[in-house]
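Asks: Here's my sequence, what's the structure:
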Amino acid sequence: MAMLSAPEFSTVHASSSSLPNIGLWSETYQSPIISDPSIAPNSTISVDINATDAPAFNGYDLTLFFDPTILQTSFIQLTGLAFIHPFVGAEDVSPGQIRLAVVNVGIPFDGGSGILARISFKVIGRGVSPLTLAAPTMSPSIQAWSWTQLVAGLAEIQVSTSDGHFSNVLGNPGPVASFTFTPVAPRKGDTITFNATSSYDPNNPSPYAISQYRWDFGDGVTTNSSTPIITHIYQSGGVPYTSFTGNFSVRLTVVDLDDGFEGMIAHPIQVSPPFPLCKSALAVVHVPGDCPTIQAAIMAASEGATVQVAPGVYHENPIIFKSLTLLGSGADRTTIDGEISASFASNVTIEGFRVFNTRDQNGAGILFIDSPFGVITDNLIVGQRNSLSSGPYGIKIQQSPNTTIRGNKIQEEAFGISLQSSPASILRSNIMDNNTLNFGVLDSYAQNIDSSNLVDGRPIFYGQLTETSQIPNDAGYIGIFNAHDLQIGPFSTANVGEGILVVNSTRIKITQFQALKDSTGIRIINSSLVSFTDSVVTNADLCNGAELLNTFQSTVSNNTFLCNEGVGLSSSSNNTIIKNTCTCNHGLSLYYASGNTIAGNVIEAKGAPVTLVGSTGNQFIRNQILGNSYNGGLLLVNSPSNMFLDNAMIGGLSLYNSPNNMLRGNHLNSTFVSFEVHSSHSECYLTPVSCRRLPDYIQNIDQSNTINNKPIYYLVNQNNMAIPANAGFVAIVNSTNILVHDASISHNFQNIVVVSSQDVTVRDSNLSFANSAIFLWNDENLTITNNRISNLNNGLGIELMDSKFGIVSGNTLLNSSVFTGIDLTNSSGFRVEGNYVTSSVLWSLRLQSSTNNILDRNTITGTLGGVDRLMTGIFLDNTSTSNLVVENTIARCFIGISAGDQDVVYRNNFVNDTVPAIPGLGDTWNSPSGQGNYWSGYKGQDTDNSGVGETLLPYIGLDNYPLTSPWKPSNLNAQLTGRGAWASNRIFHISKMGTAQTIFAQANNTSTSPEWVQVIFTITTPSGSTLQIVSQMRWVQPGGQVKFSASLPVSRGTYGVSVTLRYSSDAYLGWTQGDAKTFSFKAI
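Replies: Residues are numbered from 1 along each chain as shown. A predicted model of the protein is given here:
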């Protein structure tokens, strides 16, 4: 008997095993136990998951469980710990558990001890919570639900685990979970008894102190019980044809009666394969006479033997892996409640069974895989009318040629008989009734099938056709090959894999065909000069209309498709797809198809309306492509040199690794992503090296194309140009001295793209509703200034890659949910100054492999540790060196700064950040004059009134010269200048000029330092009411001038306007009020 129990909470949770250990640890409490009544709700606690005494490893899997009524995950830190470049394969966070699967990209952890993950929890109540790791398992079963392990390459490393514990209730450690199980070494199919009577509550001696026993057996099965003893069987399931054996992590959670607190323990259990049940090498095996189960009889039988199954019901899923005959006593007498499969075995015969209840979506009543020369005869297969077209199947034959299927009846399945890559099969007298899809052939089409086979009472026609009269008038399936010069139609089919199959044929005309609830209306393969016209294919979300594979010079025209995908072309050229109407999930796809003409179609799709992959030289002319904003309208992947002329698109156009496409007169409309040009190649995934190529951005796109009625400006090899302010999208490729200013661009993947260009300026523009506002790659001498970026989603605000020299200043990024606000990768020589960034999910300002940059006077704010704002203010990876980080304000971030190596950080304001700083190697945290940084958590004393603290040093182990008050420049000032403030018209004629008046203010920065400037317009209306308009704030250089404006609706009467100027060093810690001016205007 195995005896398992949780350790007492008064002992140190360290493993006594000699194995490497994965365990919990609190750095704050120097213990795996956090027991502190002073921790109030809404506090934050952190725990580390450590690897101790480990050999070299490069990956780990773990699952941590806790009580979600007490703790809530707020942040998971994986970087800057044991792994240099962690790649997160899985980071699943749900109430009460965290699942992590992480590998290190690059150098593995070279052994010893280190921190795998640092997890911060928000305390949401008072009570007790276990902190329990899933049990360690070597080679966990494929059906296992969770486990904990280290890996080195593909090899698992055996480990032990040790748990932690949280309590903020005085004197109450919570209940202790403990259980035993028998048998100690269970085998597949054994009934295992789990006994938790040894669980107890230290605060309650009653034998009924535990009110609930919650079991998670690690195979996806969970059970709640009010009694401590329970049984469980590890049975087949999850993945077909895989025994339910191996390692599982069993977890017990107990709940005490008096407080409702939880205790928890997890432990592995090994489930072994069953013992052999009968003698081996028998020529004839009777079930149950010689062996109790069909599977045992198959195991015992010799090659070429017969397994004779007596009448009865058998609840199993026998797998045949040798040549033999499996013989039932007749379909009316012998029932298998499950599935029969033959795998990698030739000359297998299955005869005389009723196969019932094939539940698995991808399974089959009878399945042959790589099993040629088989025979399936006189069986009845009954399913449960599953509507999924991918299964289950009645009879499914895969890679098994020369299979004979005779005299079977299949009903109520998702798919009746399916032949897949199995040529020369013989089908005779099979009946397929009332299946979602009765019959289909895939990949290998030379078959021997006659009309004695019926689908819903209608004969199958399958063969070489010389004249149309050979097809029965009531044919339920039509398959023709090696046919020429024929006209087919009108015909109709229903509930089959493909209504019409055309293979190796030419000059076939098919018209007035109706396919109702077929998987594919027509499939044309290795054929040419085929015409498919005036037909209807409909099956809601489950069918494909017309598929052309390796087909040429064929026409699909004037058809209606109401299905999953309208028309698909694969390795097909010089075809014409014209005047079809498609209302589908996916409208049209071209895979490695060239020279096709797509014209005059109406394609309406819920998903991606049109997709091209590896396709070139196609023409799209005057189509209506009606997608939706999220899934796009037209997507090209690795598809160069296509032409798009006069198409109307809702949902946008994406060009991905697809150069030299021509666009003329296309009109795109979208509220999400209208246009995208992207380059990314697989040879350097998971590395910081750029995977982009300049030719991918070379396109032939002129201003006749519009996005939401605004022209596209796509510049290639241009010089000395200013982009008009009415742009709907801007791309600047291999160009010099280009200006983009005062534009309002929205609803693209990237609103502005700058590639391989020099001396480009983007300023004073409104950029919104995009994945990324500005993308810049391989550029030089850039000026990105005073742009207003807002309402981005899950991307980057400003992204610079492989670029050098320039300034990024005065940009505001507000009201967005971006992963990174400003991102520099492999870039140098930039000054990132005076930007205001808030609401970034991960990093507000990030540098990767970037050196010799200056980050100064930026303001970064975020909410404190919320799950939707897991923020690092400034992040520099360890390859970002020799950067200067100075005079920034970073407030209410989870991590203030994560520094790289050899960087210089001083005179920054870190205000109410959960983790103020994570250092790199060799960083400097003060100026040459002895000024460090301001930290809102620093409580030391400034004894000499120098502004620098002299006690409690170094603060957080870093700063020997902490500032005692926030840093800001001296002598800031701004003034209203020139006209100061005015209205566009002192006397406003409503009847002539409309109903909107514009008012202005003009200000100068009169100090010696850059600053934020803003004005507030307070308007008194003729009725005496007041209206206040706060302008957008602007970053102004010393001596610089800025003009503000606001529009307001007016009615007749006199308006008084008061304009107040204010300025600030960081637009966060405070504003200073400056000049004020009043004026009036009259509306008549």
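
Asks: Residue 315: what's it in contact with?
Replies: 337-338 (CB atoms under 8 Å, 6 or more residues apart in numbering). C-betas here are computed from N, CA, C, even on glycine.

Asks: Distance from the longest helix along the chain to the middle of the chain?
Replies: In the chain, with assignment by DSSP state H, the single longest helix is helix 294-300. The chain centre lies 44 Å from the centre of helix 294-300; the measure is CA atoms, centre = their mean, to the nearest Å.

Asks: after that helix comes which helix or strand?
Replies: Later in the chain than helix 294-300, the nearest helix or strand by DSSP states H and E is strand 301-309.

Asks: distance between the ends of stretch 843-857?
Replies: The straight-line separation of the ends of stretch 843-857 (CA to CA, to the nearest Å) is 17 Å.

Asks: what's the domain layout of the protein?
Replies: As given by automatic domain parsing, the domain ranges for the chain are 18-167, 178-271, 285-418, 463-676, 724-812+830-836, 839-967, 974-1083.

Asks: Output those domains in JSON lines; the columns should cover mean pLDDT and distance to residue 450.
Replies: Compiled in JSON lines, the domains of the chain are given as follows (pLDDT from 0 to 100; distance: least, CB to CB, whole Å):
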{"stretch": "domain 18-167", "mean pLDDT": "88", "distance to residue 450": "42"}
{"stretch": "domain 178-271", "mean pLDDT": "86", "distance to residue 450": "32"}
{"stretch": "domain 285-418", "mean pLDDT": "90", "distance to residue 450": "11"}
{"stretch": "domain 463-676", "mean pLDDT": "90", "distance to residue 450": "8"}
{"stretch": "domain 724-812+830-836", "mean pLDDT": "94", "distance to residue 450": "54"}
{"stretch": "domain 839-967", "mean pLDDT": "90", "distance to residue 450": "63"}
{"stretch": "domain 974-1083", "mean pLDDT": "91", "distance to residue 450": "78"}
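
Asks: how about those, which one is nearest residue 429?
Replies: Relative to residue 429, the nearest member of the domains of the chain by CB to CB is domain 285-418, separated by 5.0 Å.

Asks: and the closest one, how far apart are its ends?
Replies: Span of domain 285-418 from end to end, CA to CA: 31 Å.

Asks: Could you do stretch 464-483 as well?
Replies: 6 Å.

Asks: Shouldn't residue 696 be within a helix?
Replies: Yes: counting by DSSP: H, G, I helix; E, B strand; the rest coil, residue 696 is part of a helix.

Asks: out of everything not next to it in sequence, what's closest to it?
Replies: In space, not counting the residues next to it along the chain, residue 696 is nearest to residue 679; the distance is 3.5 Å by CB to CB, 6 or more residues apart in numbering.

Asks: For that neighbour, give its distance to residue 527.
Replies: 36 Å (CB to CB, to the nearest Å).

Asks: Same check on residue 490?
Replies: Counting by CB to CB - residue 490 and residue 527 are separated by 21 Å.

Asks: Who has more neighbours out of these two?
Replies: A side-by-side neighbour count of residue 490 and residue 527, using other CB atoms under 10 Å, places residue 527 first with 25 against 11.

Asks: correct me, but the more buried one touches residue 501?
Replies: No: using CB atoms under 8 Å, residue 527 is not in contact with residue 501; the gap is 10.4 Å.

Asks: tell me, what's touching the two both at once?
Replies: Common neighbours of residue 527 and residue 501 (CB under 8 Å, 6+ apart) do not exist.

Asks: where's the residue nearest to residue 255 when sequence neighbours are not counted, which helix or strand?
Replies: Nearest residue to residue 255 in three dimensions, chain neighbours excluded: residue 212, at 4.0 Å (CB to CB, 6+ apart). According to DSSP H and E, residue 212 maps onto strand 210-216.

Asks: Likewise for residue 739?
Replies: Using DSSP H and E, residue 739 falls in strand 736-741.

Asks: That'll do, ta.
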